[in-house]
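K.L.:
Fold the following, please.
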Amino acid sequence: MTAPRRIAWAGPWNARSAIAAFGGLVVAELAARGHEVEVFRTETGELLDLPPRPAPGPVSPLAGAPPETLARDYDAFVVNLGDHYGHHGAAIPVLLRTPALLVFHDAFLANLFNGWIVAGGGGAAAGPALSAVYGAGETPDPFLLPLEEMAARRPMLEWFAALAGGAVAHANHYARRLRSVCPGPVEVIPLAFGGGAAVPPPREVGPEVVVATIGHINRNKRVADMLRAMADSEPLRERVRYRLIGPVEPAERAALGDLARSLGVPEPEFTGWVDDADMPRHLAAVDVMCCLRNPVLEGASASLILAMRSGRPVLVSDHGPYAEVPDGLVLKCRPGHEATDVRLHLEALLADPAPARATAEQARAYAEETFTAGRYVDGLLAHIDRVTEHLPAVRAAMDLGRTLAGFGMPPDDPAGRRVADALDDLLDRRG
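P.N.:
Numbers count the residues shown, from 1 in each chain. Here you go, the predicted structure:
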């Protein structure tokens, strides 16, 4: 039994945030085990005005909490980061002053960093940050590159990881990036997820098959590939209906409608925003879940877990966290060839639904066993012990870095690298 701890939990804490829903599960589990948890909200602007979620202890804005208090008065300071400045922007000034255990929900944090620049907090830091982390050839003008290029070249994940006392990833595909720069321990813990329990079981496959993509609809979710798969297959054009469950910008909706008409396939059905309470009703009429992503920007995918727990066949792009799902549980599609592989998977399902249904049932059992709050908290508490052991040395390294910067040493100075190497020896990070 772990001794009770006092934990500062920082992250968004409103009904619109999936990360807040995750936090609610984990915080409740921590409280149930006797730990004292205080929530600090990281939202900025109007999002901070949204009503807070229920919590077992106090809830207050992170922006008003002195960093020295967070470092001194709690056994652990845990900060959740995702790629949205409105939900996470208040964390950045605090992280610049005190190291925390960072939970990285996304493998791409460039929009969070850019939001900080736009808000006036980090404009002067953009150039030094890029050169220090990604090399002297990287410049901040322009800062945001095309999405695929940005994800490959400078996702800004490493900049945030360098500020951490330790880190948690939710899948292995981005853990290497974290370990390359994080001065403290890094652990991979499967995402905790509590949604999907109320989703009705799948119906028998009939003449019409409904395929659905859920979440905020954008080009990264490869909606166009699904439409092209339908266009290339007469059985899919005749029997498949495609439903988009979630918000979509007007311009994107218009573009998808134009594409469908040009391909000669039915336009997707748009539901708009759907809250958690209404999601089961929408999913009841869905036969196949579509979780295509390219490039992969998230750490793990709550929508993938929801899809697996629903007991329905799930289409995924075979990279990132989706590739880490054991083979035989989801319908994997080659990145860059999603349209072809979606067509093949769906044609097979239309011809004989039984194999895909059996796969979906195995996926449901796997998801219900793997992505639980109990398993997450087991991993988190053990990792807090490791981070706490390293934290004095991490703080000493960061204090020394600030002192050297105060003397005018630039982030990419070779002398700084020599100091960092010496501190790596102190932290036992060699080998």
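K.L.:
Helices of the stretch 51-200 of the chain, residue ranges please.
P.N.:
With DSSP state H, counting those that start in this stretch as the criterion, the stretch 51-200 of the chain has helices at 67-73, 85-88, 91-95, 110-118, 126-134, 147-153, 157-161, 175-181.
K.L.:
Going by neighbour count, which residues in the fourth one are buried?
P.N.:
Spelled out, it's helix 110-118. Ala110, Asn111, Leu112, Phe113, Asn114, Gly115, Trp116, Ile117 (16 or more other CB atoms under 10 Å). In this view, the C-beta of every residue, glycine as well, is placed from N, C-alpha and C.
K.L.:
repeat for the first one
P.N.:
Within helix 67-73, the residues that qualify as buried are Pro67, Leu70, Ala71, counting by 16+ other CB under 10 Å.
K.L.:
Now render the residues you listed as CSV, adding pLDDT and distance to Asn14.
P.N.:
Formatted as CSV, the buried residues of helix 67-73 follow (pLDDT from 0 to 100; distance: CB to CB, whole Å):
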residue, pLDDT, distance to Asn14
Pro67, 91, 23
Leu70, 95, 21
Ala71, 90, 26
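K.L.:
Dump those residues to CSV, plus distance to Glu338.
P.N.:
Converted to CSV, the buried residues of helix 67-73 look like this (distance: CB to CB, whole Å):
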residue, distance to Glu338
Pro67, 45
Leu70, 44
Ala71, 46
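K.L.:
Out of those residues, the closest to His173 would be?
P.N.:
Leu70 (30.3 Å; CB to CB).
K.L.:
which residues sit in contact with that closest one?
P.N.:
Leu70 sits next to Ala8, Phe40, Phe77, Val94, Thr98, Ala100 when contact means CB atoms under 8 Å, 6 or more residues apart in numbering.
K.L.:
Neighbours of Asp106, how many?
P.N.:
The number of residues packed around Asp106, counting by other CB atoms under 10 Å, is 24.
K.L.:
where's the residue nearest to it when sequence neighbours are not counted relative to Arg153, distance?
P.N.:
Excluding the flanking residues, the one nearest Asp106 by CB to CB, 6 or more residues apart in numbering is Asp83, at 4.3 Å. Shown here: Asp83 relative to Arg153, a distance of 16 Å by CB to CB, to the nearest Å.
K.L.:
Between these two, which has more neighbouring residues?
P.N.:
Asp83 (24 against 14).
K.L.:
Strands along the stretch 101-250 of the chain, start to end?
P.N.:
Per DSSP state E, counting those that start in this stretch, the stretch 101-250 of the chain carries strands over the ranges 101-104, 166-169, 186-188, 209-214, 240-245.
K.L.:
May I have the strands that pair with the fourth one, each with its orientation?
P.N.:
Right, the one you point to is strand 209-214. strand 240-245 (parallel), strand 288-291 (parallel) (DSSP bridges).
K.L.:
Other residues contacting it?
P.N.:
By CB under 8 Å, 6+ apart, the list of residues contacting strand 209-214 reads 221, 223, 226, 239-246, 274, 279, 282-283, 285-292, 303, 306-307, 315, 346, 349-350.
K.L.:
From those, keep the buried residues only.
P.N.:
Of those, these count as buried by 16+ other CB under 10 Å: 221, 223, 226, 239-246, 274, 279, 282-283, 286-292, 303, 306-307, 315, 346, 349-350.
K.L.:
any low-confidence regions in the stretch 201-350 of the chain?
P.N.:
Nowhere does the stretch 201-350 of the chain drop to pLDDT under 70.
K.L.:
where do the helices sit along it?
P.N.:
Under the criterion DSSP H, counting those that start in this stretch, the stretch 201-350 of the chain contains helices at 223-231, 234-239, 250-263, 279-283, 302-309, 320-323, 338-351.
K.L.:
Reformat the ones you listed as CSV; add distance to His88.
P.N.:
Below are the helices of the stretch 201-350 of the chain laid out as CSV (distance: least, CB to CB, whole Å):
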stretch, distance to His88
helix 223-231, 26
helix 234-239, 39
helix 250-263, 24
helix 279-283, 24
helix 302-309, 16
helix 320-323, 20
helix 338-351, 30
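K.L.:
Among those, single out whichever gets nearest to Leu47.
P.N.:
Distance to Leu47, taken as CB to CB, is lowest for helix 302-309 among those, at 18.7 Å.
K.L.:
Which other helices and strands does that closest one contact?
P.N.:
Secondary-structure packing of helix 302-309 (3 or more CB pairs under 8 Å, 6 or more residues apart in numbering; DSSP states H and E): helix 18-32, strand 209-214, strand 288-291, strand 314-317, helix 354-370.
K.L.:
Distance to Leu256 added to those, as JSON lines?
P.N.:
As requested, the helices and strands packed on helix 302-309 are arranged in JSON lines below (distance: least, CB to CB, whole Å):
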{"stretch": "helix 18-32", "distance to Leu256": "23"}
{"stretch": "strand 209-214", "distance to Leu256": "11"}
{"stretch": "strand 288-291", "distance to Leu256": "14"}
{"stretch": "strand 314-317", "distance to Leu256": "17"}
{"stretch": "helix 354-370", "distance to Leu256": "26"}
